[in-house]
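1. A structural model of the following input is requested.
(one chain, ligands or ions: 1)
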Amino acid sequence: MSNIVLTNTCNLKCPYCFANEFVNRSNSEISFENYLKAKDFLTKYGEKAIGLIGGEPLLHSRFEDIVRDVIYDSRIEKCTIYTNGINCDKYLDVFSNSKIRFLVNCNSPEDIGHRNYKKLCDNLDEMVLKRYMGNRMSLGINMYKEDANYDYIIDLLKRYNFRHLRISITVPNNDSEKNFNSVEYFRKMKPSVVAFFHALDDRGIIPHYDCNKMPSCVLTDEERQFMKHLFDKIPPEMRRKDEDVDTVRCRPVIDILQDLTAIRCFGLSEISKIPISDFENAKDLHEYYLREFDAYVHNTASCKECAGCSNRKVAKCTGGCLSYKINDINEMRKKSDSLISAHLEG
Ligand SMILES: C[S@@+](CC[C@H](N)C(=O)[O-])C[C@H]1O[C@@H](n2cnc3c(N)ncnc32)[C@H](O)[C@@H]1O
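-> Below is the predicted model of the structure:
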């Protein structure tokens, strides 16, 4: 599923946000006309699911019109709204349609302030407990520091009787963190991730990785067995094809921006921008990103351990997000371009 970026405006300033190249930098929002073009492009190849993202997508001045358009569009079976949940009360009527799904990014009260957190909780109460929308909703968190307290999310999951949690170990959101030894980063994050996963498991909650799964090389045998035990609990239809506990892959998402350029994902936004008009449909664009970016990732290594690792050699592990290797990937793209130019000249 690919996404349309409705607006750069956000009501929060999440410290970890990887969309910070765009968010709140300008007030730009997608015009309704460009939204329609982006939707046509994404659905042309028969894709039946789209995502609406931002910024905070609910802050688009015509958000309700856009959701109504999605509801009336028979090509779309499922539309996921990425939201921080704070403004959901304004759109409960359109949200009652069963096509609409929610990925609610639940930030801690410390990060967003107690007033915003209360609004998030009131909205979840309304949507889950009063309007029974829980079966169309996933809660997610972003693990971005080693000493975070996750009690709040466990309380929310228990309150709404949710059995799954979407997790991202946050990917770099500034240049200094890119082209970085990802293994070192995962080692630093590991104690808090493992402790949190135990706390979830004790309560019967299954964590699912979204971005930046931890490579198993940083785990002890015992920790790997524990991760395998959690992985085995994920229903097969929720797992990616060919995935097992040791697989770490990072695939193109495709986010379409307001000016109808696309990016592979927010992590690679600065080097992957390209007009969608260069492509017939989203499938071709996806193939382009695979060739132009993903194809190089296993031929680079962010540290000695990755260099010698068999999971890299058999293309099973990227070592986390591609943006850790952004400079190497770019270098290899340039070399490939110069080889092609040499053939053209020769
Ligand atoms: C950029 S936000 C925009 C939508 C909405 N405002 C929200 O908070 O969900 C979209 C998604 O990006 C994810 N995200 C943001 N920063 C991230 C990072 N550094 N690493 C991984 N995921 C991140 C969040 O979990 C969220 O689901």
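2. Which residues of the stretch 101-250 of the chain lie near the ligand?
-> Where proximity means CB under 6 Å from any ligand atom, the interface of the stretch 101-250 of the chain facing the ligand comprises Leu103, Asn105, Gly140, Asn142, Ser168, Thr170, Val171, Asn173, Cys211. From N, CA and C alone the C-beta is placed, and that goes for glycine too.
3. can we see that at 5 Å?
-> Residues of the stretch 101-250 of the chain lying close to the ligand by CB under 5 Å from any ligand atom are Asn105, Asn142, Ser168, Thr170, Val171, Asn173, Cys211.
4. List the buried residues for stretch 259-271?
-> Leu260, Thr261, Ala262, Ile263, Arg264, Cys265, Phe266, Gly267, Leu268, Ser269, Ile271 (16 or more other CB atoms under 10 Å).
5. related to what we said a few turns ago, show the buried residues in the residues of the stretch 101-250 of the chain next to the ligand.
-> Asn105, Asn142, Ser168, Thr170, Val171, Asn173, Cys211.
6. hang on, the earlier thing: secondary structure and pLDDT added to the buried residues of stretch 259-271, as TSV?
-> Compiled in TSV, the buried residues of stretch 259-271 are given as follows (DSSP: H, G, I helix; E, B strand; the rest coil; pLDDT from 0 to 100):
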residue	secondary structure	pLDDT
Leu260	coil	97
Thr261	strand	97
Ala262	strand	98
Ile263	strand	97
Arg264	coil	97
Cys265	coil	95
Phe266	helix	92
Gly267	helix	90
Leu268	helix	91
Ser269	helix	91
Ile271	helix	91
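7. Now do the strands in the stretch 51-200 of the chain.
-> 78-83, 100-105, 137-143, 164-169 (DSSP state E, counting those that start in this stretch).
8. Ile50 is nearest to which of those?
-> Of all the strands of the stretch 51-200 of the chain, it is strand 78-83 that lies closest to Ile50, at 5.5 Å by CB to CB.
9. The ligand: which of the buried residues of stretch 259-271 is nearest?
-> The closest of these to the ligand turns out to be Phe266 (CB to the nearest ligand atom; 6.2 Å).
10. Wait, that closest one touches Tyr16, no?
-> No: using CB atoms under 8 Å, Phe266 makes no contact with Tyr16, being 11.4 Å away.
11. follow-up on the earlier one: by pLDDT, rank the buried ones among the residues of the stretch 101-250 of the chain next to the ligand and give me the bottom one.
-> Within these, the minimum per-residue pLDDT falls on Asn173 (76).
12. For Arg115, see how far away the nearest residue to that residue once chain neighbours are set aside is.
-> Spatial nearest neighbour of Asn173, excluding adjacent residues (CB to CB, 6 or more residues apart in numbering): Phe18 at 4.5 Å. Phe18 is 25 Å from Arg115, where distance means CB to CB, to the nearest Å.
13. In terms of neighbours, single out the busier of those two.
-> Legend: neighbour count by other CB atoms under 10 Å for Phe18 and Arg115, higher for Phe18 (23 against 10).
14. The more buried one and Tyr144 touch, don't they?
-> No: using CB under 8 Å, Phe18 and Tyr144 do not qualify as a contacting pair, with a distance of 10.1 Å.
15. joint contacts of the two?
-> By the contact definition CB atoms under 8 Å, 6 or more residues apart in numbering, Phe18 and Tyr144 are jointly contacted by Thr170.
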